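In: dropping a prediction and its sequence here:
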Amino acid sequence: MSDYERIAEAIGFISSRVNEQPSLEEIAAHVHLSPFHFQRLFSRWAGITPKRFLQVLTLERAKRLLNEPQSLLEVSGSLGLSSGSRLHDHFVHLEAVTPGEYKTGGAGLSIDYAVHDSPFGNAFIATTPRGVCNLAFLERDEVHEHLADLRKQWPQAEINENRERTLPVMDALFGNGTTPERPLSLFVAGTNFQTRVWKALLNIPPGKVASYNQIANAIGHPNAARAVGNAVGANPIALLIPCHRVLRQNGDLGGYHWGEARKHAILAWEAARHEQ
């Protein structure tokens, strides 16, 4: 069992008993570690103690964040969608694939992919000279499934495994915390509506959250919360397009394409780094 798998198991246990406030001893026993070793493992991984993590998980905290005017203002800033969007700890430029480019199936496009370890388990990442086109967390050894999806989306592209080309992106996300000298570029294929939603997500700061309704309002479609949810679920680039920062209006997590335990973990990981 990897560190992340053990942490995910602990997060699932904590999440299911958040109202009972489980003790350190109870959580450690659930993942078959001593309290000392579990506290050390969890703090090294998350940057916060299990007790602090419990505080981050509370529904009241999520509701407070959703009610903060700043969150809505930050999201509303995405109305200027023609320019690059800002991801606060990284400068990210999102470029949408044009219909013409999509129609050619990626002819002349070179795509490099690899699997890297991350604090949230193994991650499949694919990049092009135009930017990152896919980032997904793996549950098992489903690399071939992601590769097949990539070939289906870009049947005419040249696709090769190349860790050297993908490693700089992982370093920018999980490295020493320094800001990259150049913006990280994202190259995504989606409908106009999906692209507007993904650009709006880039304006939610780390450590903050927004609701589906707030995103719908921010892109000028106040009655389209359900469609926003579908677009959030179709996000092709985990973490860099922060769909994990979208919650239900009542503060519930609202699901996550790569698992609710991982969504909990990412939100706590960000909170630890931006609330210090």
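Out: The structure has been received and is ready for your questions. Residues are numbered from 1 along each chain as shown.
In: the strands in the protein, which residues?
Out: Chain-ordered strands for the chain, with DSSP state E as the definition, fall at 85-87, 90-96, 110-116, 123-128, 131-137, 158-161, 184-188, 210-211, 246-247.
In: show me what the fifth one is packed against.
Out: For strand 131-137, the packing partners by 3 or more Cβ pairs under 8 Å, 6 or more residues apart in numbering; DSSP states H and E come out as strand 123-128, helix 143-153, strand 184-188. Where you see a C-beta, it was placed from the backbone N, CA and C, and this is true even at glycine.
In: what lies in contact with it?
Out: Contacts of strand 131-137 with the rest of the structure, by Cβ atoms under 8 Å, 6 or more residues apart in numbering, involve 93, 95, 111, 113, 118, 120-127, 146, 150, 169, 184-189, 236-240, 258-259, 262.
In: coming back round to it: between the helices and strands packed on strand 131-137, which one is closest to Ser15.
Out: With distances scored as Cβ to Cβ, the stretch of those nearest to Ser15 is strand 123-128 (21.9 Å).
In: quick one: the helices in the protein?
Out: 3-16, 24-30, 35-46, 50-57, 59-67, 69-76, 99-103, 143-153, 163-174, 192-201, 212-218, 225-233, 260-274 (DSSP state H).
In: of those, which is nearest Gln249?
Out: Counting by Cβ to Cβ, Gln249 lies closest to helix 212-218 out of those; the figure is 5.6 Å.
In: state the mean pLDDT of that closest one.
Out: Model confidence over helix 212-218, given as mean pLDDT, is 91.
In: tell me what that helix is packed against?
Out: Secondary elements touching helix 212-218 (3+ Cβ pairs under 8 Å, 6+ apart): helix 69-76, helix 192-201, helix 225-233.
In: let me know which of these is tucked in deepest.
Out: Each of the helices and strands packed on helix 212-218 was given a mean neighbour count from mean count of other Cβ atoms under 10 Å, and the largest, a mean of 22, is that of helix 192-201.
In: tilt between that one and strand 184-188?
Out: Interaxial angle, helix 192-201 versus strand 184-188 (axes from the mean of the first three to the mean of the last three Cα atoms, to 10 degrees): 160 degrees.
In: can you spell out which helices and strands pack onto helix 192-201?
Out: Using 3+ Cβ pairs under 8 Å, 6+ apart as the contact definition, the elements that helix 192-201 packs against are strand 90-96, helix 212-218, helix 225-233.
In: pLDDT averaged over the first one - what is it?
Out: Regarding strand 90-96, the rounded mean pLDDT is 71.
In: cool, and the longest one?
Out: Looking at helix 225-233 alone, the average pLDDT works out to 94.
In: which outside residues touch that helix?
Out: By Cβ under 8 Å, 6+ apart, the surrounding residues in contact with helix 225-233 are 190-191, 193-194, 197-198, 201, 211-213, 215-216, 219, 221, 243, 246, 254-255, 257.
In: now a ChimeraX select for only the buried ones of the residues you listed.
Out: With 16 or more other Cβ atoms under 10 Å as the burial test, the buried ones among those are selected in ChimeraX as follows:
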select :190,194,197,198,201,211,212,213,215,216,219,243,246,254,257
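In: that older thread, deepest-packed of the helices and strands packed on strand 131-137, please.
Out: When you average the neighbours per residue for each of these (mean count of other Cβ under 10 Å), strand 123-128 leads with a mean of 24.
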